[in-house]
Structures are given as structure tokens and as C-alpha cells.
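In: Sequence plus the predicted model coming up.
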Amino acid sequence: MIEVIGKIILGLGLMFTGVQMLSASLKQLGSRQFRVLATRFISSRGRAVAFGLGSGAVMQSTSAALMILASLISSGTLNVSQAIAILNGFSVGNCVLLFIVSLNISVEVMFIVGLCGIALYLIKDERYRTYLLIGLGLGMIFFGIEMMAAGVKPLQQETWFTGAMAFSRNYSLLSIMAGLALGFIAQSSTAVALVAIGLVRENILTGPQAFLFIYGAAIGSTMFKVMLGTAFRGTSRQLLRFVNIFNIFGAAVFILLYYIEVYLHVPLVMALLNSLKLDLGYQTALVFLLFNLTSAIFFTTINGPLIRWLASSFPPSEEEDLAHPKYLSEFQPQDPDTGLELIRLEQTRELEQIAAFVSTAIEKHGSADLASRHEAFKSLAREVAASTAAMAAMPMSTQTAKDHAYFQTRQALLDQLADSTASGMKIITQARTYPSIKKLSDACMESLDFLLNFAAETEKTNAPEQVRTLLDLSSGNGPSMEQLRKAYMDSDSLGSAKDKGALLDLTIIMEKIIWLLNRFYSLKTVRVS
């Protein structure tokens, strides 16, 4: 009995390891291209679905696709409707693995695993090792299923086991619950479907039991994704909620069809499969395909109402609004002068966001904390920098080329200013915990709050007198730096080395922030002159 249990556990371990290895290798191979190509196949819903179909067959990892699409939505590259169209196709393409495993190619798999294992030992080039890991992962899935089936097969001679299986055939809910539990543990309905294929091959599960097993696994994997939802915020949660609804809808429909067919004797899914006279392994793979295809067709049909409901239920977060470009959507590639003006407007928004770092550190500012505001700024900055870089290939006049270089330099300074201000807020907040320099730290916080907000206002008005005032205030001889230098010169009066270290950190970061702000507006005066 111990040997039997050992074989079953070994088989499951090999199969799940194979699934993980295959998924990780395919993800590594395809995720970068997936990210690039996803933005090229969104011109129509049909193209997006077709792209999802192909990428699902290649990547075999809905979780990876979900994370990539969520990041593309957060950056404003895709909208939710486009991402959902891709996921509809992806879920169908994801079924290819089950049909491959359903093939009777045990001998061929031995050669694949053996050759891949030998090659992995001999080859050190990572480009080729990824392909070898794909072959090895696929082979481990085959061997895992066979090992699991070999472990369960002797149990068919045991009276208690045959009785338990006969009992479970009479209570369909047990098959659903078993699939639900395994789906939650494995975090993948595909992996559970592979287990079902192995068990029906050895006649351990009947066809209907295997089908219910798959439906339950869809619910179980969804329960895990609900827990995963805490990692998503704003619009990205719309995508996660869609995946959950997709699985729950498919499970509900197919479980209902099962009971209608069994108790009302209406020929439906099982009658269709029996008419095809296919091997039970193929039937199980086909049920998984029908399950995903039905949900994909349904949600493609109701795309409009679905998107509106998701948008009202999970509106964009404050961070997403900050991270998305507001003006660059109007950019026309053939008009660089207009493009530069739009970039100027986005850079004004960036400066306003940096100014908000201070008020966020002082007290809660909206729903976002300092870290999330900084991340939102970096997302927006990447979009602005990418648009500015793309303009370099456009034909420009001499003056436009100079303006282009000016805005590129401004963007680099804004990036440094944002990083320094975020770091500065942490340093000042820490310095405020030292009684000996708390008053000075508060003064630094107030000075930065005033200077950055005054800079953001100056950027809007572009008034020459405000620019001159700001340059005076942010000069090395300005009141803020004079106060800090005096305090540092008197640091011998501080009680401990920690206090002196905190004061030194405070002086350095303040000097850096003020210098960057002064450099930013000095650049403006040079351009005007």
C-alpha cells in the first residue's frame, strides 16, 4: 500500500513539476514577444482574439498572460476591452496541451525526455536550454500521468476502492468537490484536467466523473485567483474579475447541462461526445475545449455590457490616473511641434506630482501613499520619455530640434528630481524622530513644500518674475540652504552620532533637491535667452 501511495504522489509530483517547467519555459520564451505583439494586434477585436488564440497555444500560462496584460493596462498601452478579447482567445489556445497529452506517444516521449536531459547536461547556452526545458517539461507530464495511473491501477483490485468509486459515481457532487479541492491546490484547471485524462485512461474515472472533475477545478482555481486579487488595483482588477467570472460561468453552465442531460434525458454534451466515438482521453480534452470555447463566445458577445459593468464596479485608482498620459493621446506623428507642446503639458503634470510627494508624506493625500505616487510618476515618465525619443526620427527644423533636446534634458532632470524628492521625504520623516533636529526637519519639509508647489505654479504661468524669484529661492545661497549649513556647522552641540548622521543626510538630500530645482529653471532661462 505504501508503494502504491508513493507512486501516486510521485506521479502527481512529476506531472505538476512538468506543468510548471513547461509553463515557466514557455513564459520565458514568449512573454517578451507577447508584450510587444499584444500592442500590435488590438486594431480590431477579431485580431486581438486571434492573437490570444495563438499566444495561448504557445505560452500555456493564463496567470502569466494576466500579469502582463494587467501591467499593459496600468501603463495605458491597452484598455480593458482589448485585454479581455486577448484573454478570450488565450483561454481557447490554452487547451492545446491537453490534446498533445491525449496522444498515444509514450515511446516517443522516452526519446524526447532522454535526449533533452542529455542535451541539458552538455549544453550551457541559455538560448537552447529553454527549448530543452520545454521538451523535458512535456515529457515529465506524460511520465507523471503514467506513474500516477500505475499507482492507482492496483487499487482496482481492492474491494474498498471499487466500492468507493462505485459510491462516487452515484454522487456527482463528490467529483465536483474533488476537482474543486485539487484546482485550488494546483492553482490551475489545466493541471487538474491532465490528472483527469490520466485517470480516465485507466478506467479509474468514468467520462462523466472526469468532466465534473474539470468543472470543479475551474471553480477551485478561481477561488485561488480571488485571493490573488489583493495584488491588483484599479482597472487591473477588472481583468482579474473577468477571469473569475469566465471560469464560474463556464462551470455553472456545464454543470447545469450535465444535470439536465442525466435527469431530464436531454441529449447534450455527453451525447455529442459519445456520437464522435472518441477515446475517453480525447473526450476529456474536448470537454475542456468546449468549456473554454463556450465562455469565450458568450463573453465576446456581451463585451459592451460586460466592460461597462466592470468599469462601474472597479473604477480606475488614483495612481492609474496619475500614471496615464493625459495629453499625449492627441499626439500626431507628423507634427513634432505639437508633440513637443503636449510633452511640455505632461512634464507640467509630472512637476505637480512631485510637489504632491511632500503633502503625501506630511499627511495622507488622497488614496495614494508616497511609494505608489512615485511608481505612478515613473510610469508616466516612461511614457513621456518614450514619446520624446520617438520624435527624434521625425523631420524637424533647427529650432524644433533644439526644443526637442531641451525637453529631453528637462525629462532627465524631472526623473532625478522625483527620485531625490521621494528619498528626501523618507530622510526628513526619519529625521523628525530625533528631538534635537525635529524643528529643523519640519522647516525643511515646509521649505520643500513651498518651493515645489511654487515651481509647479510657475510652470503653468511661465511668468518671468516668478522664474527669477524661484531661481533666487533655490540658489545655493538661498534661505533654506543657509539655515541648514548653519545647523551643520553647529552640529557639535548635538548629543549623539546618530543625530549628527541624520543631520548630514538631511543636508545632503536638501542640497541635491534644491540644486536640481535650480538647474531645471536655469535651463529655462538659457533657452529663452
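Out: Structure's in. What do you need?
In: rest of the way, CA atoms for contacts and neighbours
Out: Noted.
In: and L205, helix, strand or coil?
Out: With DSSP: H, G, I helix; E, B strand; the rest coil as the basis, L205 sits in coil.
In: I'd like the distance between it and R169.
Out: Distance of L205 to R169, computed by Cα to Cα, to the nearest Å: 9 Å.
In: Looking only at neighbour counts, state which of these two leads.
Out: L205 (22 against 16; other Cα atoms under 10 Å).
In: what's the nearest residue to the more buried one if we skip its chain neighbours?
Out: L199 (5.6 Å; Cα to Cα, 6 or more residues apart in numbering).
In: what are the phi and psi angles of that neighbour?
Out: phi -80, psi -30 (degrees, to the nearest 10).
In: Look at it and say how many residues are nearby.
Out: 24.
In: Same question for S387.
Out: S387 has 17 neighbouring residues, counting by other Cα under 10 Å.
In: ditto for the one 4 residues further on
Out: For M391, the tally of surrounding residues (other Cα under 10 Å) stands at 20.
In: can you pull the buried residues of the helix or strand where E341 lies?
Out: According to DSSP states H and E, E341 maps onto helix 336-362. Judged by neighbour count using 16 or more other Cα atoms under 10 Å, the buried positions of helix 336-362 are 336-337, 339-361.
In: Equivalent analysis for stretch 386-396, please.
Out: The neighbour-count check on stretch 386-396 (16+ other Cα under 10 Å) flags S387, T388, M391, M396 as buried.
In: So the last one: helix, strand or coil?
Out: Remark: M396 carries the secondary structure label coil [criterion: three-state DSSP].
In: Quick check: it touching G339?
Out: No: the criterion here is Cα atoms under 8 Å, and M396 misses it with G339 at 11.5 Å.
In: Run the chain-centre distance for whichever helix or strand A193 is part of.
Out: Using DSSP H and E, A193 sits within helix 189-201. In terms of Cα atoms, centre = their mean, to the nearest Å, the gap separating the centre of helix 189-201 from the centre of its chain is 28 Å.
In: Show me what the helix or strand just after that helix is packed up against.
Out: The helix or strand immediately downstream of helix 189-201 is helix 207-228, counting by DSSP H and E. Where contact means 3 or more Cα pairs under 8 Å, 6 or more residues apart in numbering; DSSP states H and E, helix 207-228 is packed against helix 172-186, helix 189-201, helix 235-263, helix 280-301.
In: Now render these as JSON lines, adding distance to Q430 and mean pLDDT.
Out: Below are these laid out as JSON lines (distance: least, Cα to Cα, whole Å; pLDDT from 0 to 100):
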{"stretch": "helix 172-186", "distance to Q430": "43", "mean pLDDT": "85"}
{"stretch": "helix 189-201", "distance to Q430": "48", "mean pLDDT": "81"}
{"stretch": "helix 235-263", "distance to Q430": "33", "mean pLDDT": "89"}
{"stretch": "helix 280-301", "distance to Q430": "51", "mean pLDDT": "91"}
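In: follow-up on the earlier one: how far away is the residue nearest to L205 from A210?
Out: 8 Å.
In: Same question for A178.
Out: Per Cα to Cα, A178 is found 10 Å from A210.
In: Compare those two and say which is more crowded by neighbours.
Out: A210 (28 against 16).
In: That one - nearest residue in space that isn't next to it in sequence?
Out: A196 is the one closest to A210 (Cα to Cα, 6+ apart), at 5.4 Å.
In: so the one you found touches I214, yeah?
Out: Yes: assessed by Cα under 8 Å, A196 is found in contact with I214 at 7.4 Å.
In: So between those two, which is more surrounded?
Out: Taking A196 and I214 together and counting by other Cα under 10 Å, I214 has the greater number of neighbours (34 against 27).
In: pLDDT score for that one?
Out: The model reports I214 with a pLDDT of 90.
In: And V107, by the same measure?
Out: Note on V107: pLDDT of 71.
In: can you check G30 too?
Out: 50.
In: on that earlier part again, and of the buried residues of stretch 386-396, the nearest to F291?
Out: Of all those, S387 has the smallest distance to F291: 42.4 Å, by Cα to Cα.
In: Model confidence score at the closest one, please.
Out: Turning to S387, the model gives it a pLDDT of 83.
In: what about it, which helix or strand?
Out: helix 370-390.
In: Next, count neighbours for R410.
Out: 19.
In: ok, back up a step: nearest to K439 among the buried residues of stretch 386-396?
Out: T388 (42.2 Å).
In: three-state assignment of the closest residue in space to the closest one that isn't next to it in sequence?
Out: Closest residue to T388 apart from its sequence neighbours, by Cα to Cα, 6+ apart: Q408 at 6.7 Å. Following three-state DSSP, Q408 is assigned to helix.
In: residues in contact with the residue nearest to A251 when sequence neighbours are not counted?
Out: Leaving aside its chain neighbours, A251 sits nearest to Y215 (4.9 Å; criterion: Cα to Cα, 6+ apart). Contacts here follow Cα atoms under 8 Å, 6 or more residues apart in numbering; on that basis Y215 touches I176, G179, L180, G250, A251, F254, I255.
In: got it, and A186?
Out: Contacts of A186 by Cα under 8 Å, 6+ apart are F16, V192, S221.
In: got it, and K326?
Out: Applying Cα under 8 Å, 6+ apart, the residues near K326 are E346.
In: do the same with I297
Out: N88.
In: give me the number of residues near the residue nearest to I197 when sequence neighbours are not counted?
Out: With sequence-adjacent residues excluded and distances taken as Cα to Cα, 6+ apart, I197 is closest to G281, at 5.1 Å. Counted with other Cα under 10 Å, the neighbours of G281 add up to 26.
In: pretty sure G281 is in contact with L205, am I right?
Out: No: taking Cα under 8 Å as the definition, G281 is not a contact partner of L205, at 10.8 Å.
In: Now do the SS call for L103.
Out: L103 is classified as coil under three-state DSSP.
In: Tell me, how many residues neighbour it?
Out: 11.
In: Then S275?
Out: Counted with other Cα under 10 Å, S275 comes out at 8.
In: Kindly report the same for G424.
Out: G424 sits with 26 neighbouring residues when counted by other Cα under 10 Å.
In: Excluding covalently adjacent residues, which one is nearest to it?
Out: The nearest residue in space to G424 (Cα to Cα, 6+ apart) is I509, at 5.7 Å.
In: Please identify which helix or strand holds A455.
Out: helix 438-461.
In: just the angle between that helix and helix 336-362, please?
Out: Put simply, helix 438-461 runs at 160 degrees to helix 336-362, going by axes from the mean of the first three to the mean of the last three Cα atoms, to 10 degrees.
In: name the helices or strands packed onto helix 438-461?
Out: helix 336-362, helix 398-431, helix 464-473, helix 479-489.
In: Swap in 7 Å and give it another go.
Out: helix 336-362, helix 398-431, helix 464-473 (3 or more Cα pairs under 7 Å, 6 or more residues apart in numbering; DSSP states H and E).
In: List the buried residues in that helix.
Out: By 16+ other Cα under 10 Å, the buried positions in helix 438-461 come out as 438, 440-441, 443-445, 447-449, 451-459.
In: Identify the residue nearest the geometric centre of the protein.
Out: M67 (2.5 Å; Cα atoms, centre = their mean).
In: From L87, how far out is that residue?
Out: From M67 to L87 the distance is 11 Å (Cα to Cα).
In: does T433 sit in a helix or strand, and which one?
Out: Short version: T433 belongs to no helix or strand, going by DSSP H and E.
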